[in-house]
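K.L.:
I would like the atomic coordinates for the input below:
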Amino acid sequence: MVSLNAVGPVGVTALRRYARLPIHAHRNGWGYLGRSPDNGFSYVAWQKLWRLAGVDHMHVNGIANKFWEPDDSVVASARACLTPMTPSHPNIVMPVFSSGQTVMQAEATLARLGSSDLIFCAGGGIVAHPSGIAAGVRALRQAFDAAMAGVPLHEAARNSAELAEAVEIFS
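P.N.:
Below is the predicted model:
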């Protein structure tokens, strides 16, 4: 994982030359660039610079996130990551949803993005599961499986104690 605003484009480009693993790009500090419309930064444009530098995954925030960014902005950022830059050189990157994500955002994330091409980071949404980390992982997987099958979360939770516990604690 690389902190984009700390390392900069030259640092990311140098890392790309030697990296044997995917470069996971974290946008910490994005708020000072994108929060105020007076700054003139758009994530849609900003992420293209990092794609050209060679990153493979980019944080886009998350649905119902813990920060300031509205869901429409998060979805636009994620779709931008999945939009080819040119027909001959698509250079798409995997959008990473984060910032307070739990089983409660799985259905909306898939529905709003319209794709399962994503990484869903739910640290607290897994670790804080009342039955432990393994149950948290299973509950999150069940939430995504239900969403992909078109089954509402509360209906799926009736068939899984782990998912029901997660829904209860994160609602």
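K.L.:
now do whichever helix in the chain runs longest, average pLDDT.
P.N.:
Longest helix of the chain, by residue count under DSSP state H: helix 133-149. Confidence over helix 133-149 (mean pLDDT, whole number) is 97.
K.L.:
and the contacts of that helix?
P.N.:
Residues outside helix 133-149 that contact it (CB atoms under 8 Å, 6 or more residues apart in numbering): 102-103, 106-107, 109-111, 116, 120, 122, 125-129, 152-153, 155-156, 160, 162-163, 165-166. (Glycine included, C-beta is placed from N, CA and C.)
K.L.:
strands - which of these land there?
P.N.:
Applying DSSP state E to the contacts of helix 133-149, the entries found in strands are residue 120.
K.L.:
quick one, which of the contacts of helix 133-149 are buried?
P.N.:
In terms of neighbour count (16 or more other CB atoms under 10 Å), the buried residues within these are 102-103, 106-107, 109-110, 120, 122, 125-126, 129, 153, 156, 160, 162-163, 165-166.
K.L.:
mind listing which of those residues are in helices?
P.N.:
Checking these against DSSP H, those in helices are 106, 107, 109, 110, 125, 126, 153, 156, 162, 163, 165, 166.
K.L.:
centre-most residue in the chain?
P.N.:
residue 97 (1.2 Å; CA atoms, centre = their mean).
K.L.:
and that residue, how far is that from residue 119?
P.N.:
7 Å (CB to CB, to the nearest Å).
K.L.:
related to what we said a few turns ago, least confident of the ones in helices among the buried ones among the contacts of helix 133-149?
P.N.:
For pLDDT, the smallest value among these belongs to residue 125: 92.
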